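Student: can't give you the sequence, but here's the structure:
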């Protein structure tokens, strides 16, 4: 618990609050949004030193998931990779064939204005992406996110006072919606699993398809991250 508390505090210290959603999304209904589910794998969970090992994302909207939009890339990395190659089944030759992290970063940032990003634990992934933007000396555009983990917490706290250990990990959240088991430790499969979870959560919250992003803010699941000219923000 001390580790996770330290990690949360460290990520929070990298972000400062800013008010409101961007005007372009403020009154957009959930049914009108384009979604980009995103997942990354890292060499560690230390925001200041972690290396990106892989990236995966996939698009969707109210009609379903666009399988053809699937993106998965290994990221070239050097130095101490800790246990990541073992956990994710990667070999040194796999890692050597990966794309440069700058290519991945520039590609994904193109979705900032057109899609709402869907992540399970947005604080971690966006904290890592923000730190990467600093290393690359590139701004992080304002990115509106749905955090499926935070939404799960919001829904659980309506029913229980204490969240069971591991109660909001991705697999447990999917179980509550009777979604099939999904492969773990692969960025693309985790992104797909997260998007499926979000669509189930969205339907339970908004079966009529009339809710707006602004109306979802009270759940704490709407987060907006940006870093411009060394100014870092988390907008909530």
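Tutor: The structure has been received and is ready for your questions. Here the structure is a predicted model, which means the values were calculated and not measured. Numbers count the residues shown, from 1 in each chain.
Student: and the strands in the protein, which stretches?
Tutor: Per DSSP state E, the chain carries strands over the ranges 17-18, 35-42, 52-61, 64-74, 116-119, 140-147, 222-228, 231-235.
Student: make JSON lines out of these and add distance to residue 125 and mean neighbour count.
Tutor: Quick note: C-beta positions are derived from backbone N, CA and C, even for glycine. Below are the strands of the chain laid out as JSON lines (distance: least, Cβ to Cβ, whole Å; neighbours: other Cβ atoms under 10 Å):
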{"stretch": "strand 17-18", "distance to residue 125": "18", "mean neighbour count": "12"}
{"stretch": "strand 35-42", "distance to residue 125": "6", "mean neighbour count": "25"}
{"stretch": "strand 52-61", "distance to residue 125": "10", "mean neighbour count": "23"}
{"stretch": "strand 64-74", "distance to residue 125": "15", "mean neighbour count": "14"}
{"stretch": "strand 116-119", "distance to residue 125": "5", "mean neighbour count": "25"}
{"stretch": "strand 140-147", "distance to residue 125": "9", "mean neighbour count": "23"}
{"stretch": "strand 222-228", "distance to residue 125": "10", "mean neighbour count": "22"}
{"stretch": "strand 231-235", "distance to residue 125": "13", "mean neighbour count": "18"}
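Student: mind checking which of those is nearest residue 159?
Tutor: Closest approach to residue 159 among those is made by strand 140-147 (19.0 Å; Cβ to Cβ).
Student: ok, and what's touching the closest one?
Tutor: Under the contact criterion Cβ atoms under 8 Å, 6 or more residues apart in numbering, strand 140-147 has outside partners 21-22, 25, 35, 109, 112-113, 116-123, 126, 129-130, 133, 198, 213, 216, 220-228, 235.
Student: who wins for proximity to residue 162 among the strands of the chain?
Tutor: Ranking those by their distance to residue 162 (criterion: Cβ to Cβ) puts strand 140-147 first, at 20.6 Å.
Student: the closest one pairs with which strands, and in what direction?
Tutor: Here the strand partners of strand 140-147, with direction, are listed using DSSP bridges: strand 116-119 (parallel), strand 222-228 (antiparallel).
Student: now do that strand, average pLDDT.
Tutor: Strand 140-147 shows a mean pLDDT of 96 in the predicted model.
Student: chain center to it, what's the gap?
Tutor: Offset of strand 140-147 from its chain centre (Cα atoms, centre = their mean, to the nearest Å): 9 Å.
Student: orientation of it relative to strand 35-42 in degrees?
Tutor: With axes from the mean of the first three to the mean of the last three Cα atoms, to 10 degrees as the basis, strand 140-147 and strand 35-42 are set at 100 degrees to each other.
Student: lowest-confidence helix or strand of this structure?
Tutor: Using mean pLDDT, DSSP states H and E, strand 17-18 stands out as the lowest-scoring helix or strand of the chain, at a mean of 39.
Student: in this protein, where is pLDDT below threshold?
Tutor: Residues of the chain meeting the criterion pLDDT under 70: 1-20, 79-91, 229-236.
Student: let me know the outermost residue of it.
Tutor: residue 93 (27.4 Å; Cα atoms, centre = their mean).
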